[in-house]
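>>> Sequence and predicted model, in that order:
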Amino acid sequence: MKIDYDIVRRYISDKTGSVGDEYMQDVQRELEEISAVQKRSWIFECEKGDFYRIKDLGLTIESRDVNDLFDECEKIAIFVVTLGVQVDKKIAYYGAADVLRSVVLDSMASVMAESVLDELQSQVDETIGLNPTMRYSPGYGDLALSFQRELLTALGCGKSMGVMLNSSDIMIPQKSITAIVGYSKKKQAYASVCLKCPNKGKCIVKCSKAQ
Amino acid sequence: MDLKGLIDNKIVLLDGAMGTVLQKLGVKMEGGKPEMVNLTQPEVIQKIHEEYLRAGSDVVFANTFGANRIKMGKYPYLDCAMAGVQCAKNAVKAVGRGLVALDMGSIGELVEPMGRVTFDEVYETYKEVVLAVASEVDLCVIETMSDLYETKAAVLAVKENCDKPLIVTMSFDEKGRTFAGCPVEAMVATMQGLGVDALGLNCSLGPKQLGDVVDRLVAMSELPIVVKPNAGMPTIRDGMTAFDMKADEWAEAMEVIVDKGVAIVGGCCGTDSDYIKLLAEKIKDKKPNRPIAKHRVCVASGSKYVRLDCPKIVGERINPTGKKLMKQAIETEDWGYIEAQAVEQAQAGADILDVNMGLAGIDEADMIVKAIKRVQSVVDLPVQIDSTDPVAIEKGLRYVCGKAIVNSVNGEDEVLDRVLPLVKKYGALVLGLTIDKDGIPKTVEKRLEIARKIVRKAQEYGISNEDVIIDTLTLTVGAEQEQAVNTLEAIRRVKEELGVKTALGVSNISFGLPERNLVNRTFLTMALTCGLDLAIINPNLQPMKESFLAYNLLAGIDKKGEKYIKEIASHTESAAVASGKELTLQECIKQSLKTQAVDSVKAMLAAGRNGLDIIDECVIPTLGEIGDGYEKGVIFLPQLISTAEVASAVCDVIKASIGSGNVGKRAKMILATVEGDVHDIGKNIVKTVLQNYGYDIIDLGRDVAVERVVEAVKRHQPQILGLSALMTTTVKNMKRTIEEVRKISDCLICVGGAVLSEDVAMRIGADAYSKDPRQLVKILESRGL
């Protein structure tokens, strides 16, 4: 799998590239060995009242931000991706005696999960054939993190993918992502989304598509 | 006919799904709980059971999968369980045949160490259901499990509270691992040991995806194998989960599975009575598949299986005997140190870790449980429980995850009669020392006699030879030279005559001699040649590891010498780098050259420099320079961490030289990632950096309950408490922690983490906020700490 090491370096604030490619490749080899990637997507028709609603799942997305973002959307796709619990265990393992490797592995796993999702989403984008909004996840903007529990329960992700939540609504395995994307005929402007973000100017990652 | 009778006579047919059938029928389920239907529409449940029985099922699973206090706390879960069993019993009565199983699924919450539910809570949850309804059923089933630790608690709850036969199945992916990372072999080894009656897999995938996994079950299991897969792969159709295999296609695929050697079959999600009926047709003339003994010697953790088919290394470092730093770590419960020892040994190639908490003045049983849990939270290696205290052994056995080794028993009846029943109950291996009340025998024959007795007694307690390991004991060659060959000869004869595995703690041999490594490694090679299976050594000592690798190469165990070449090459490379230009300690730290830095500090100590002076004059100023560079933006986080790790290795050498874990002249600090938060990367970085500045760090880990922080503050009386949180949802727990600590201590409370800022920190009552370890050091220094 292609992993952009520069993004990993950005996550770990390695501006001088002190973590070399060889080290990165070694970590990637290990990451690929231990990860048990699972990815699933679901496509639903949009229904809009005060908020967007996914009738088939009995879910309401109570968020003004999503209302704005999903303006004129006809379909909603939900994505769930996980790298599996072995990755968490390995990060903890290195955390006890090799902190640098633990930090690099942690960041690379985040990048890998995003890459897996990118790939999955591009297939779904093609299937749907409409313009996607940016990906949105529970905990963004005014979409409560607790929505995560509703989402995962409705999709049965605990049983089917092993993606669970702890008492603070943190996903376990930690390297898991849930995301919703709206699809419309309208051309989506990513930059405008970033401009509204409360982290504007402080964000070290930035939505690459916004640049 | 009971379950055993059925297994002996035919391929046993279980039922199909309940939940997806209820969904398909559009039955209203209060709170989305299928078990509530047992109370609201018992006739529907009974009818589904009847259909399965008429289709050919020999056993029906009562609709009790989630009927427990954790999954259904708000609902009358015990009433649901009882009504569920009654529905199944009514169906059996109506049809006139069939057995009823109490069906218990996973509690659906994360269990320690990944989650907060404890082993005991899991146990109590299952126990309550078992006590309430198991007397009414023919057998118990634990199914759809992912976490081996949770499964073990559930099995104990059944085995200790009823005498019904027990089937256990877990959900595996195509690679044969559960979501929690448990491989097929670790499950089989552990469950067989715990004495379940049949085991296998259910749910997760369809029969076509599970062929390889079934092959692995068949290769490993000595118990009847159960396979109860879904009707293929799930898709969502019209808002409902549907499965992609039709009944005929599924039954055909299941026939292939049965022919692999499976004894008990049925269907999970997506199947119904049509599937079961077609499967009944396919298997009706097949002969029963009886399990075959495999004689595999193995140990396991929750995510790793180690077969003892060639020599293995047991890491001996987690033991206070003769190790001042470990002793201190145990006394102060410095789990960070113990975890690091575990990881270092794993990295050095240990296959199994010995855990010994035998220290005067501590509660050994309590500590060994804590130690095993901590060790197993960072490494995936199986554990060897090292104690002579039967209470500690029993607790260790109960709370360890996987199939462990008990180290040790000896030839004394009293010890054997006390410990062997525990070994049997928990399905462990037992290591027997060839010593009895008269001491270590001087002759080979006498040692063999004790070994024979241990093996015989183990058999009497139902422990097979595969689960017995004999240690013929190393004596100091300096004191009793002739005993070295006796020990070796005893290994050879134990292997030859008793056919059991052998173990030896090697390093005692050289006590009091110069060049101990030379003697140790030679003795190790000699012992391996005599048939030693488990070498109990310090794998961090390169000479020992090298000899072990060389032996495996020469004995043809390490095929094509791959391991030898890989490991030896990597070590010689780093040695080559090390032999380059002579650098000062400061330069080594700045350039993150660990080996050179360690060599350099060793040379300085050998030349008579005081360890604490080296820290003050070389380590701290260098870290200061690096910290300044970090602040100015010319040095970045990875360098900050790697230099801190090198400095930490240097400090370890100094600590070992002065025999104290605390080289700090600075304040004591407790660190924790707060309750509910599992992100500890930042906390670990802070720990690594601050330790080198001489702060005495007590790391409580992550997801630390408020009460545990309070307790630790009370006990250790630190001057500083550092709390970390990454999520907005856990900042409230940080606030609670601060409030509670304030009631008992006026220590300086510093906080950090991605969601925090100066402003938030002040609002939740912290004394200081720092964005990174460098800033934290500055804050502490400015306050004279």
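Yep, it's here.
>>> outside of stretch B:556-568, which residues touch it?
B:310-311, B:349, B:545-546, B:549-553 (CB atoms under 8 Å, 6 or more residues apart in numbering or on different chains). C-beta: built from backbone N, CA, C; applies to glycine.
>>> From those residues, keep the buried residues only.
By neighbour count, with 16 or more other CB atoms under 10 Å in any protein chain shown, these hold B:311, B:349, B:545-546, B:549-553 as buried.
>>> For residue B:79, state which of those is nearest.
Each of the buried ones among the contacts of stretch B:556-568 was checked against residue B:79 using CB to CB; the closest is residue B:349, at 54.4 Å.
>>> from the buried ones among the contacts of stretch B:556-568, which are also near chain A?
By CB under 8 Å from any CB of the partner chain, no member of the buried ones among the contacts of stretch B:556-568 lies near chain A.
>>> So which of the contacts of stretch B:556-568 are in helices?
B:545-546, B:549-553 (DSSP state H).
>>> now, among the buried ones among the contacts of stretch B:556-568, which is nearest to chain A?
residue B:349 (14.2 Å; CB to the nearest CB).
>>> pretty sure the closest one is in contact with residue B:538, am I right?
No: between residue B:349 and residue B:538 there is no contact under CB atoms under 8 Å: 11.2 Å.
>>> Would you reformat the buried ones among the contacts of stretch B:556-568 as CSV and include pLDDT?
Output for these, formatted as CSV (pLDDT from 0 to 100):
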residue, pLDDT
B:311, 97
B:349, 93
B:545, 94
B:546, 94
B:549, 96
B:550, 96
B:551, 97
B:552, 97
B:553, 95
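>>> between those, which is nearest residue B:37?
For those, the nearest to residue B:37 is residue B:349 (54.2 Å; CB to CB).
>>> Tell me which residues touch the closest one, please.
With the criterion set at CB under 8 Å, 6+ apart, residue B:349 makes contact with B:313, B:539, B:545, B:548, B:567.
>>> Between all of the residues you listed, which two are separated the most?
The widest separation within the contacts of residue B:349 (CB to CB) is 12.2 Å, between B:313 and B:567.
>>> Any regions of chain A where pLDDT drops low?
A:189-211 (pLDDT under 70).
>>> just for chain B, where's the confidence low?
Using pLDDT under 70, chain B drops low at B:236-240, B:571-581, B:660-665.
>>> so what are the domain limits for it?
Listed by automatic domain parsing, the domain ranges of chain B are B:3-283, B:298-540, B:542-576, B:580-663, B:664-785.
>>> now for the ones you listed, which one comes closest to residue A:180?
domain B:3-283 (15.1 Å).
>>> Quickly note the distance from the residue nearest to residue B:220 when sequence neighbours are not counted to residue B:379.
Excluding its sequence neighbours, the residue lying closest to residue B:220 (CB to CB, 6 or more residues apart in numbering or on different chains) is residue B:188, at 4.5 Å. Taking CB to CB, to the nearest Å as the measure, residue B:188 falls 21 Å from residue B:379.
>>> Identify the residue nearest the geometric centre of chain A.
Closest to where the C-alpha atoms of chain A average out (CA atoms, centre = their mean) is residue A:177, at 3.9 Å.
>>> Lovely, talk soon.
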